[in-house]
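Novice: Below are the sequence and a predicted model for it; my questions follow.
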Amino acid sequence: MASIVTVLRRIKRLSLPSLQKPAIERLCRDLGHHWRNRELDPATTLALFMQQVIHGNAPCSEVRHLGGQQFSASAYCQARSRLPLPLLQTLLKQVVDAALPASGRREHLWHGHRTFHIDGSSFTMPDTAPLRAAFGTPSGQKPGCGFPVAHLLALFSASTGLLLEAWASPLYTADLAFASEAQERLRPGDVLLGDENFSGYSHLALLMQRQLHGLFPLHSGRLADFTAGRPHTKNGKNQVAGLPRSRWIKSLGHNDQLVEYFKPKARPRWLSKEQFDALPKSIIVRELRRTVRRRGRPPLVLSMVTTLLDPIKYPAADLLKLRVRRWDVETNLRHLKTTMKMDELHCKSEAGVRKELAVFCLVYNLVRVVMLEGAQRQSVAVARISFADALKWMRHARRGEQMPTLVVNPERSGRLEPRALKRRWNKYPKLTRARGTTVRKQRN
């Protein structure tokens, strides 16, 4: 705890009383958690847990060397398992609440609105029976030939990169399953950006019902026709093929229009019956389409739908720039999963995995606070501050050390890289049956 919290005390942007030992013990008592006054008390265990994560999720046997203390790996694992999950979740929320006002600063607002990214991902964990039962495995995977995989939904501040919340669920859970909970973390006027899964009628209507805004890619299953006064068809059995399911209302410019979406007959599984019944029969949204031209590459056509209807207050060009920045969420997830090595968690129980995830999110946000401070001191956009450099400084900083000038990444506007790996992995054959069965067969 000393090497992280003491270092961050020098950052004016964030006060960390919630991570001090008295506050942690007080919160434990409030949660009804009892402990004995030994070396691995809750505050010390949490400090070591954070050190473990910030050092690349180091093995439990290495933690005593990081903390300069004498205890066994088994003792540390038992102490870590005794930490209440609500304690970690509460601390994460307190850190976010302390740091998030930075996203309300003028330089972090878009047309006076806070903006947020939501996206789904996944992570793996050890192959144990409890984790297989809790999270599941990829379809077609034989028992003993792979690892359980969890679905991860993350909500980020678009301007600061702070992680508000992360939901872990069984592998084949839809992103929209936690959409309602994600909206509860926002406040009226906020703008949410996501992929096309979030552009359906029910999600858009729920956003508008809560006085929130959304900007999403138009769903590939929805036809957009910008012809003035065009015919349309409604949801239901009598749909006419080739006609849009939205009613044209008004043209706002070239490939920019107001349309009416109709409530579907079937209720989405992620929405409760009470919520679905409370949605209006139709909503008015804005559809627009723009072509992005890139040097040396074919043009990219982007179709969007948004609840930001005013073309004067929200010009199409500004909406396009905001839409293109949606890919920043992929960078945030890469920092979390690859740079911090969260793509493979180590705990062997469901409760342990959820605690490990909460501490990863907590440390990630502390790194983001360092980046915000570095961006302000160096007068650059926070997106250009190196996450890896901020993480390394937090990992190796000494007590009383001043925050250095952090590495600033070059401007890479319009960059588009293929989703492909350059490094070739080894060509060992993959397991097609449980390892124990394979070993016995080879011995015979």
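Specialist: Perfect, I can see it now. Keep in mind the model is a prediction, meaning the values are calculated, not measured.
Novice: Buried ones in the helix ranked longest in the chain, by neighbour count?
Specialist: With DSSP state H setting the assignment, residue counts place helix 350-378 as the longest helix in the chain. Neighbour counts using 16 or more other C-beta atoms under 10 Å place 350, 352-376 of helix 350-378 among the buried residues. In short, each C-beta sits where N, CA and C put it, glycine included.
Novice: repeat for stretch 134-146
Specialist: For stretch 134-146, by 16+ other C-beta under 10 Å, it's 134-137, 145-146.
Novice: Can you read off the pLDDT for Leu14?
Specialist: On pLDDT, Leu14 comes in at 56.
Novice: what's downstream of the one helix or strand in the chain whose mean pLDDT sits lowest, the next helix or strand?
Specialist: In the chain, no helix or strand scores lower on mean pLDDT, DSSP states H and E than helix 2-8, which sits at a mean of 59. Downstream of helix 2-8, the next assigned helix or strand under DSSP states H and E is helix 21-30.
Novice: Convert that following helix to CSV, retaining C-alpha atoms only.
Specialist: Taking Å, rounded to 0.1, in the frame of the first residue of the first chain, the C-alpha atoms of helix 21-30 are listed here in CSV:
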residue,chain,number,x,y,z
LYS,A,21,-5.8,1.6,6.7
PRO,A,22,-8.3,3.3,9.1
ALA,A,23,-10.9,3.8,6.2
ILE,A,24,-10.5,0.2,5.0
GLU,A,25,-11.0,-1.2,8.5
ARG,A,26,-14.0,1.1,9.1
LEU,A,27,-15.5,-0.1,5.9
CYS,A,28,-14.9,-3.8,6.8
ARG,A,29,-16.7,-3.2,10.1
ASP,A,30,-19.6,-1.6,8.3
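Novice: roughly how far is the longest helix of the chain from the heart of the chain?
Specialist: Offset of helix 350-378 from its chain centre (C-alpha atoms, centre = their mean, to the nearest Å): 12 Å.
Novice: Helix or strand next in line after it, which one?
Specialist: For helix 350-378, the following helix or strand on the C-terminal side (DSSP H and E) is helix 387-396.
Novice: so that next one versus helix 350-378, what angle?
Specialist: Relative orientation of helix 387-396 and helix 350-378, computed by axes from the mean of the first three to the mean of the last three C-alpha atoms, to 10 degrees: 110 degrees.
Novice: Against which helices or strands is helix 387-396 packed?
Specialist: Counting contacts by 3 or more C-beta pairs under 8 Å, 6 or more residues apart in numbering; DSSP states H and E, helix 387-396 packs against helix 2-8, helix 42-54, helix 350-378.
Novice: can you give me the angle that helix makes with helix 42-54?
Specialist: 140 degrees.
Novice: which stretches of the protein form strands?
Specialist: Along the chain, counting by DSSP state E, strands occupy 115-124, 149-157, 163-170, 191-193, 213-217, 246-253, 256-262, 282-294, 297-306.
Novice: Out of those strands, the one nearest Arg412 is which?
Specialist: Of all the strands of the chain, strand 282-294 sits nearest to Arg412, with 12.7 Å by C-beta to C-beta.
Novice: For the closest one, list the C-alpha coordinates in PDB.
Specialist: Taking Å, rounded to 0.1, in the frame of the first residue of the first chain, the C-alpha atoms of strand 282-294 are listed here in PDB:
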ATOM      1  CA  SER A 282     -42.400   4.700 -31.000                       C
ATOM      2  CA  ILE A 283     -39.400   7.100 -30.700                       C
ATOM      3  CA  ILE A 284     -37.900   9.700 -33.000                       C
ATOM      4  CA  VAL A 285     -34.200   9.300 -33.700                       C
ATOM      5  CA  ARG A 286     -31.600  10.700 -36.200                       C
ATOM      6  CA  GLU A 287     -30.000   8.600 -38.900                       C
ATOM      7  CA  LEU A 288     -27.000   9.800 -40.800                       C
ATOM      8  CA  ARG A 289     -24.400   8.400 -43.100                       C
ATOM      9  CA  ARG A 290     -20.900   9.700 -43.900                       C
ATOM     10  CA  THR A 291     -18.000   8.500 -46.000                       C
ATOM     11  CA  VAL A 292     -14.500   8.700 -44.500                       C
ATOM     12  CA  ARG A 293     -11.800   9.000 -47.100                       C
ATOM     13  CA  ARG A 294      -8.300   7.800 -46.100                       C
END
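Novice: Buried residues in that strand, which are they?
Specialist: 283-290.
Novice: Tabulate these in CSV, adding columns for distance to Gly214 and pLDDT.
Specialist: Formatted as CSV, those follow (distance: C-beta to C-beta, whole Å; pLDDT from 0 to 100):
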residue, distance to Gly214, pLDDT
Ile283, 11, 96
Ile284, 13, 97
Val285, 9, 97
Arg286, 11, 97
Glu287, 13, 97
Leu288, 14, 96
Arg289, 17, 95
Arg290, 17, 94
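Novice: Pull the contacting residues for the residue nearest the centre of the chain.
Specialist: By C-alpha atoms, centre = their mean, the chain has its centre lying nearest to Ala154, at 2.3 Å. With contacts defined as C-beta atoms under 8 Å, 6 or more residues apart in numbering, Ala154 is in contact with 118-121, 163, 165-167, 329, 332-333, 336.
Novice: how near is it to His335?
Specialist: Per C-beta to C-beta, to the nearest Å, Ala154 is found 11 Å from His335.
Novice: surely Phe216 meets Leu193?
Specialist: Yes - look at Phe216 against Leu193 with C-beta atoms under 8 Å: they come within range, at 7.0 Å.
Novice: Where does pLDDT dip in the protein?
Specialist: 1-18, 102-104, 236-238, 414-418, 438-444 (pLDDT under 70).
Novice: repeat that for 50
Specialist: 1-2 (pLDDT under 50).
Novice: related to what we said a few turns ago, what touches both of Ala154 and His335?
Specialist: With C-beta under 8 Å, 6+ apart, Ala154 and His335 have no common neighbours.
Novice: Which residue, other than its chain neighbours, is closest to Glu344?
Specialist: Distances taken as C-beta to C-beta, 6 or more residues apart in numbering place Thr124 nearest to Glu344, at 5.1 Å, with adjacent residues excluded.
Novice: got the contact list for that neighbour?
Specialist: By C-beta under 8 Å, 6+ apart, the neighbours of Thr124 are 147-150, 343-345.
Novice: Quick check: the farthest pair among these?
Specialist: Longest span within the contacts of Thr124, C-beta to C-beta: Pro148 and Asp343, 13.3 Å.
Novice: which one of these two has more residues nearby?
Specialist: Pro148 (26 against 16; other C-beta atoms under 10 Å).
Novice: Could you tell me how far the more buried one is located from Asp127?
Specialist: Counting by C-beta to C-beta - Pro148 and Asp127 are separated by 7 Å.
Novice: same deal with Ser413?
Specialist: Taken as C-beta to C-beta, the span from Ser413 to Asp127 is 43 Å.
Novice: So between these two, which is more surrounded?
Specialist: Between Ser413 and Asp127, Asp127 has the larger neighbour count (other C-beta under 10 Å), namely 17 against 5.
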